[in-house]
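**Q** task: produce atomic coordinates for the following.
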Amino acid sequence: MTSLRHPAETLLAKLDGFRVDIDANGQRADIVLNRPPFNVVSMPQRDQLRAVFEALDEDERVRIIVLRAEGQHFSSGGDIKGFLEASPEHVSKLAWNVAAPARCSKPVIVANRGYCFGVGFELSLACDFRMASETTLYALPEQKLGQIPGSGGSARLQKMVGITRTKDVVMRSRRITGQQAYDWGVATEVVPDAELESATDKLVAELLGFSPIAQRTAKKLLNDTEDASLSASIELEGHCYSRLRSSDDFREGVEAFHGKRAPAFRGS
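**A** Numbering: from 1, shown residues only. Purely as a prediction, here's the structure:
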């Protein structure tokens with residue numbers, strides 16, 4: 001029988017500009033951007049980030065994924081020269097790679113501080129929870145290069161804040177602060193810079209207290225119904241609710257509630 005190989009075998013052999021830390025006891029994986037001082041995201045790194053999210057989605061040791069960065073800045077964006085060198089076919093896949101956090105069935109938290117520009121912002125917008133430091137500056141500055149966001153940034157932002165604010169950010173390459181992002185509903189929380197890690201840890205601990213299967217179901221339901229009509233969304237919500245009623249975790253949750261004890265969810 002002919003042996004099969006997958007591109008991910010070589011793709012993940014040497015990570016470019018980031019690392020992955022897995023805490024099996026804490027059921028947590030950290031994807032850490034580590035190309036100081038601005039954590040510029042290279043073209044190969046985009047493919048690798050996608051593959052890592054897919055691998056962690058299948059890793060039974062991991063319940064929660066945190067995307068963060070070393071240093072004062074999350075990311076100033078992508079490798080600009082790389083865009084000119086990449087083929088049109090490769091460039092057309094950029095949005096698929098950056099959407100990996102959204103496709104991942106597990107909760108994904110991003111911790112932002114300092115510059116969060118271009119693909120750094122787009123990756124953050126694809127995550128489920130955006131923890132922002134008061135030092136955070138978000139921007140989609142592609143207009144300054146004679147371009148537009150190409151990895152879902154303008155589309156995701158418009159869903160969150162509407163067309164008027166998105167045009168203001170995209171067409172003027174305008175920077176918005178972490179506090180403004182929170183006020184607009186883009187950031188989940190905004191905290192003092194020194195508290196970003198502790199606030200992120202606190203959210204991880206909170207999410208670990210819920211049923212894994214209920215969280216996976218909620219994430220997929222909300223993603224799938226973002227563009228759906230109200231009636232279709234309610235219909236799909238009902239089917240998901242019905243399926244969860246037969247889960248072990250729902251039974252455990254009900255019994256724990258009546259027993260006035262903390263539930264011990266198993267994810268089934």
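**Q** can you map out the helices along the protein?
**A** Assigned by DSSP state H, the helices in the chain fall at 8-11, 43-58, 80-85, 88-91, 94-98, 100-103, 119-125, 153-161, 163-170, 178-184, 196-208, 212-224, 230-245, 248-258.
**Q** show me where the stretch 1-150 of the chain dips below the pLDDT cut-off.
**A** The stretch 1-150 of the chain contains residues with pLDDT under 70 at 1-2, 4-5, 83.
**Q** in contact with Glu142, which residues?
**A** Shown in contact with Glu142 (Cβ atoms under 8 Å, 6 or more residues apart in numbering): Gly118, Ile148, Pro149, Gly150, Val170, Ser173. For the C-beta atoms, the positions are set from N, CA and C on the backbone; glycine is no exception.
**Q** do you know how far it is from Arg156?
**A** 14 Å (Cβ to Cβ, to the nearest Å).
**Q** what does Ser92 give?
**A** 18 Å.
**Q** nearest to the middle of the chain, which residue? Look it up for me.
**A** Here the mean C-alpha position of the chain is nearest to the C-alpha of Cys127 (Cα atoms, centre = their mean), at a distance of 2.0 Å.
**Q** what's that residue sitting at in phi/psi?
**A** Per-residue torsions, Cys127: phi -80, psi 170 (degrees, to the nearest 10).
**Q** and the contacts of Glu142, which of them are buried?
**A** Gly118, Pro149, Gly150, Val170 (16 or more other Cβ atoms under 10 Å).
**Q** how about JSON lines for those, with distance to Arg19 added?
**A** Listed next are the buried ones among the contacts of Glu142 as JSON lines, based on distance: Cβ to Cβ, whole Å:
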{"residue": "Gly118", "distance to Arg19": "21"}
{"residue": "Pro149", "distance to Arg19": "27"}
{"residue": "Gly150", "distance to Arg19": "26"}
{"residue": "Val170", "distance to Arg19": "32"}
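**Q** contacts only, for the residue nearest to the centre of the chain.
**A** By Cβ under 8 Å, 6+ apart, the residues touching Cys127 are Leu67, Pro101, Ala102, Val108, Ile109, Val110.
**Q** can we see that at 6 Å?
**A** Counting by Cβ atoms under 6 Å, 6 or more residues apart in numbering, Cys127 touches Pro101, Val108, Val110.
**Q** and the last one, how close does it get to Ile65?
**A** Taking Cβ to Cβ as the measure, Val110 falls 9 Å from Ile65.
**Q** any idea how this protein splits into domains?
**A** Using the TED database, the domains assigned to the chain come out as 9-209, 212-259.
**Q** ranking these by burial, who's on top?
**A** Mean neighbour count, computed with mean count of other Cβ atoms under 10 Å, is highest for domain 9-209 among the domains of the chain, reaching a mean of 19.
**Q** end to end on that one, go ahead and measure it.
**A** Taking Cα to Cα, to the nearest Å, domain 9-209 runs 34 Å from one end to the other.
**Q** quick one on the thing from earlier: looking at the buried ones among the contacts of Glu142, which one is closest to Ala205?
**A** Gly118 (31.3 Å; Cβ to Cβ).
**Q** so Leu196 makes contact with Ser133?
**A** Yes - checked against Cβ atoms under 6 Å, the pair Leu196 and Ser133 is within contact range at 4.6 Å.
**Q** overlap in contacts, the two.
**A** The contact lists of Leu196 and Ser133 share Arg113, where a contact means Cβ under 6 Å, 6+ apart.
**Q** was I right to think Leu221 contacts Gly238?
**A** No - using Cβ under 6 Å as the test, Leu221 is too far from Gly238 to be in contact (10.4 Å).
**Q** and which of the buried ones among the contacts of Glu142 is nearest Ser3?
**A** Gly150 (36.7 Å).
**Q** list the contacts of the closest one.
**A** Leu94.
**Q** for Glu189, same thing?
**A** Counting by Cβ under 6 Å, 6+ apart, the residues that Glu189 touches are Met131.
**Q** farthest-apart pair in the contacts of Glu142, please.
**A** Top of the distance list for those (Cβ to Cβ): Gly150 and Ser173, 14.5 Å.
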